[in-house]
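*Asks:* Any chance you could fold what I've pasted below:
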Amino acid sequence: MTSTNKSISHLPILHNPFLNCLFNNPQYFKSPLKGVVDELQSNHTNFTILVPPAHVLNEYYDPTTESSNSKTLLKELCYNNEDFIRSHIINTASPVSSTITPISKEQSVIYNTLNNKQILIKNRIIYTGKGFRRSLKLKTLSIQYFSSFCDYFPKRSKFMIIYIESTLFGGIPPRKMLPPLPEVRETNKTDKDIDSVTFEKLLRSFPLLSKAVSDKFYRLFHHNNYQFRVLRYKNRKKLSHIKLEFQKILQEAFSIISDSVNVDNPNSEQTYNLINHIISMYPGIDLNKLVHEYVELNLYDVLWSQLIFQFNCPNDDKEAYDPEAILILTKEKYEKLSCLSLNQLDIPVNKPWLMNELHERISLGVQEFEKLADSSIMNSAAKTQVVYSTFRILTQRKNGNIDPVINADTLIGLLIMVMVHSKIENIEAHIYYIKHFNSIDNTNDGQFNYIMSNLDAVLFHFSKKESGYLDLIENSKKNYEIWNAIKNNDLEKVESIIELVNNEYPETELPENHFLKSKNINGESCLMFAIKTKRYEIYDCLINSNPNWIPIDSILFEKNVMTNQNLLMCALIEETDYKIIDDLVDIILNNATLEEQTMYFNMTDISGRSVGHYLFHNYKLISKIGHLIDWEKKDNNSHTPLFSLCRCYDHPEYVELIRAGFNCVYKKYGETGVDYDKHVDKSGNTLLHVLLKGIPESKMLSNSNNLVNVNQLNQRCLSPLMVYVKYNRLENLKEILHDSRLDFLGEDFKNYYNVFDYLSFSALKSTKSENFQNIENAVFNYYLQNYFPRHATENVAALNAKYDGGKKDWLIFFKNGDGFCNYKSLRNIKQILYLIKLKQPLSTFPSEESFWKNYGFGISTSPMFHKVRINRLIDDFNLLFEGLTFQESINQSEFFKTFLTEYTKETSIFESKQRIGEQLDFDKQSLGEVTYKLNQIQEIEYFLEYSLNNFQKYAYLFARLAKLVCIGDSKQVDCRNVLDTIMYRFNKTTVFDDIFTYSEVNNQAGTLGVAREYFYWIQMHGDELLHSIQKLVSDINSWKQMYYSICHINSELKLMEPHNTVSQESQDNSNGQELLSRRDSSLSINPIPEEELEDDNLGFLSNFVGTSKKARYKKLVVEKSEIVKNIMKLNLEIKWSHELIAAEISDFLKFRTEFLRFGIKRYISEEIKSLKQRSTELSKYVFLVRKDK
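*Replies:* Just a heads-up that it's a prediction; the model follows:
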């Protein structure tokens, strides 16, 4: 433990105070952190840490101090408040409860924190629960592993952390948020509530009212009600009689209501109070209007059928019998007027842009007026509303539009067009119904009377009393002839008509009301019809017969007013004759000004698309008009013209289309550069995402000036690489794999899928496809070339994993360069690694405890953690495979095959351990009888002590280096996050945003993390080797203890032998050779017959020792014999271990150099990618700053 008297120092401070408090705290042994550290030390895989963003902790205040004069920053709580720390650490190994919704399959899990509070995690949202003062709902930003570099947590331990958008205690921002804008209350809300009330609803809502009047209304509306039989009989009668009968019924209905509150009625008082209550509930309600509409509702079918019957009677004597019932607009008249054009109605408007506005109003007015024929319109109020809306469309200006003057003549002309083209049967009956069956008395309503008078005027215009009616029919006939000839591709007919016109107007302009200038209600002229017909001869006959007939303004301003598509757009969409398109473009380029050309080619339709969005229909136009196109203009789907070109997947000349489009864009924006961020759609797709093929032709990756992020994720968290694999775009895949900026193993921040996951998804659909196999080979070969040692003759890689619900275990997918692949469950893999270590107990192969240190085997956890954990475990598997290619102690070929083959017969672990133990014993026995002298053991001991000291020094220095690399990785992340924050806040579009984009959404791992893993792996191998050396040193110490025990026993035995034997022995020893036995070995002993030891009267011992000495001698001999057996076994063990360790040391010295070199190469490669990525981001920033100047 660190002494409190010494000056305390620690590594560079982490930017996130919470992480710094837990992992870089020199006061970890003091409160409030001591208890937390003790619990995390015990089993760190059981816990997950919830980490708020750094800027929240550094800038926000504790909510409990909101009303205090001295507010406390949240970062202070990280160091001084144990409750705060414990509240952000959850025990994910033992959830309180876990439920899964049956339909969405979302899992909701409740966890306890270290201080027994509770949180709920559902759909990546964290909800505070029991124990928390405030109920909060926080989004999870990302899930990561944090590598601990401190000394008070287990070495090489990794902690799972979840970045959340704020603390579980909340936080007060440094500046007050602006209050939300007050909601604009609808002033007519009460009116809308009243309008929604009907008498029928009141009857359903108030049973007392229904009881008072429903029976009487039922009898009133019954078909057997003889009192009002006139409406039931379909015979000829005047419309005034129908109106009179309706008024009688209406008065009867009013009487029913008044009788219900009559004093003679026993329930009158209750009914009266109820009606007053209803009036108080809906202030301003008109009960008379409700009753009127109720009567209409019940009698509408009868009334309407009577009106239709009367209007459809022959008009022979109606002039005298009932002039109101004359039917004017019959089906025949509608047919004769069906091709009537607005320009033939003598309105005082002739400018093409104003005519477009009027045509749009007419088209919208027709759509609205047609609602009169809808079967749902069943009362006078609804019919009146339709008429009002139609007049509003025809007369009121829309925002941003040019406002033509709508005088009386213009309005009549618009109404004529609306009534003729809406073709409503019995329009006269509708107008009569609106006038005479209305629930509101409109006698003094000027607007209503003005509208009705205009409708009457239009009807009068079509009557035989108006001479202009015949002119309208004649104009419609002429329009029909030319339109029909064009649509039917009748060139001869068109030519004959044009010849007649040419004879009449040889060198002059056509009058405004001429049929060649006619348009339908959508604003489409003969020229538009010719373009849609796709016949150049007809088009040429119309536009080139006489240049005076169709001025340039007519071409520039002609469009379909409903789609807002001009002539060129329609020509491209209809894919008309290329000669028509070329001629139309030439006319515009030769006759319009540059400003007019730019406006024309960039005007947008209702989808927000310009001509540029439709150029894929004729991409050769790009060379003509591409320089006039705004390639950055987005449509309603956020697609630019260039984006639309890239999405035209079924184009027969797709590559040429891409080449033409991009070359034009580079030529136009070459000086300032192309801003590729403006070509991103609302789903986050970049041009690289949507491009089907032709990356070389687009020059997006090859042009060094292009600021393209090849790793950008769309809103579905797919990078271009993932898209190419998912949708089998082999050509693009090959190209992007050659880009040095590619983050090949990058994972998305939502599902944590990488390219191999999407490869496996595609494999389920198209495993037999040749294209897919090529994609699979390209991806795997890229991995081997860039992430696996190239010198290796054997290889295997763990690619991805899937969860097997049946086995309730993860299956890891392995594959080698020869194409062999297999799935292995984690349990099976754990057994394989365990048995390998049993077979090679003294090798540097990682032990079970070391390898699975950061993977909580068998620990249940939320699905949102699974993918992150398994991805990091896959990384460890690949490190294992990479490391083995630099080692010789383990048979690589045999080891790799165990992951690629499926055993047909499974063997229990117990049987496998037995066989391995027997094999190890056999290997040791094969060494034969092994004897060691002390000097030999001392030589081995010296070698081991030297190696141990050397490796301990190396381990100490390497551990410090690994720690610095680890902290360097964390500081890399801090620097990146701080720079991201600065760039975000310096951006003019986000500087005033209250909503902050958290840096923690991104992957919180630096490039030094790659080097760290290799340092850790070498460190783990070194620890295994140190452990083996220490074990052998321990065996040698045991051997020496046995050796000295034998020496001691030999000394005692010599003292018990006869004197002359001892003297002789001393004489022999004096010759210069130190022997410990008669066979010149301390491990030898002369066998003594037992009968000599047992018989007191026999043998030389009986002459000078007593019975007690005999027993002790026997005991020493037996003890020596046992020690000799043990030391002989230990000799075998030492020799076997010594040879293995010597080989392992040699192998490790080579391994640590080569593997570290490979790791450094990997780090440098990732660092270069990161620097290029950051360079692109900063260059974009500079580009935008310069562009804004």
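*Asks:* Do I have it right that residue 348 meets residue 407?
*Replies:* Yes - using CB atoms under 8 Å, residue 348 is in contact with residue 407, at 6.9 Å. The C-beta positions use only the backbone N, C-alpha and C, and glycine is treated the same way.
*Asks:* So in terms of bridging, what pairs with residue 122?
*Replies:* For residue 122, the beta-bridge partners are residue 108, residue 125 (DSSP bridges).
*Asks:* And residue 89, how far from residue 160?
*Replies:* Residue 89 sits at a distance of 11 Å from residue 160 (criterion: CB to CB, to the nearest Å).
*Asks:* How about residue 832?
*Replies:* 25 Å.
*Asks:* The two - which one has more neighbours?
*Replies:* residue 160 (21 against 14; other CB atoms under 10 Å).
*Asks:* list the contacts for that one?
*Replies:* Residue 160 makes contact with 45, 47, 48, 49, 92, 143, 144, 145, 146, 865, 868, 869, according to CB atoms under 8 Å, 6 or more residues apart in numbering.
*Asks:* which sections of the stretch 451-600 of the chain are below the confidence cut-off?
*Replies:* Across the stretch 451-600 of the chain, residues meeting the criterion (pLDDT under 70) sit at 464-467.
*Asks:* shared neighbours, residue 89 and residue 160?
*Replies:* 47, 48, 49.
*Asks:* and of those residues, the nearest to residue 497?
*Replies:* The nearest member of the shared contacts of residue 89 and residue 160 to residue 497, counting by CB to CB, is residue 48 at 82.2 Å.
*Asks:* any idea how far the lengthiest helix in the chain is from the chain center?
*Replies:* Ranked by residue count and defined by DSSP state H, the top helix of the chain is helix 1107-1188. In this view, helix 1107-1188 has its centroid 43 Å away from the chain centroid, taken as CA atoms, centre = their mean, to the nearest Å.
*Asks:* That one packs against which elements?
*Replies:* Under the contact criterion of 3 or more CB pairs under 8 Å, 6 or more residues apart in numbering; DSSP states H and E, helix 1107-1188 touches helix 863-884, helix 909-925, helix 934-986, helix 1008-1056, helix 1090-1094.
*Asks:* residues contacting the most centrally placed residue in the chain?
*Replies:* Taking CA atoms, centre = their mean, the centroid of the chain lies closest to residue 716, which sits 2.7 Å from it. Neighbour list for residue 716: 683, 684 [criterion: CB under 8 Å, 6+ apart].
*Asks:* Just the buried positions in stretch 559-578, please.
*Replies:* Residues of stretch 559-578 classed as buried: 559-574, 576-577 (neighbour count, 16 or more other CB atoms under 10 Å).
*Asks:* And for stretch 688-706?
*Replies:* Buried, per 16+ other CB under 10 Å, within stretch 688-706: 688-695, 697-701, 706.
*Asks:* can you check stretch 659-674 too?
*Replies:* 659, 660, 661, 662, 663, 664, 665, 666, 668, 673, 674.
*Asks:* min pLDDT across the residues you listed, which one?
*Replies:* The lowest pLDDT within the buried residues of stretch 659-674 belongs to residue 673, with 79.
*Asks:* Wait, it touches residue 704, no?
*Replies:* No - contact between residue 673 and residue 704 fails when scored by CB under 8 Å: they sit 11.4 Å apart.
*Asks:* Among the buried residues of stretch 659-674, name the ones in helices.
*Replies:* Those of the buried residues of stretch 659-674 lying in helices (DSSP H): 659, 660, 661, 662, 663, 664, 665, 666, 668.
*Asks:* closest to residue 41 among those residues?
*Replies:* Nearest to residue 41 out of those is residue 662 (CB to CB; 58.5 Å).
*Asks:* Kindly provide the distance from the closest one to residue 656.
*Replies:* Taking CB to CB, one finds residue 662 at 11 Å from residue 656.
*Asks:* Repeat that for residue 98.
*Replies:* Distance from residue 98 to residue 656, counting by CB to CB: 57 Å.
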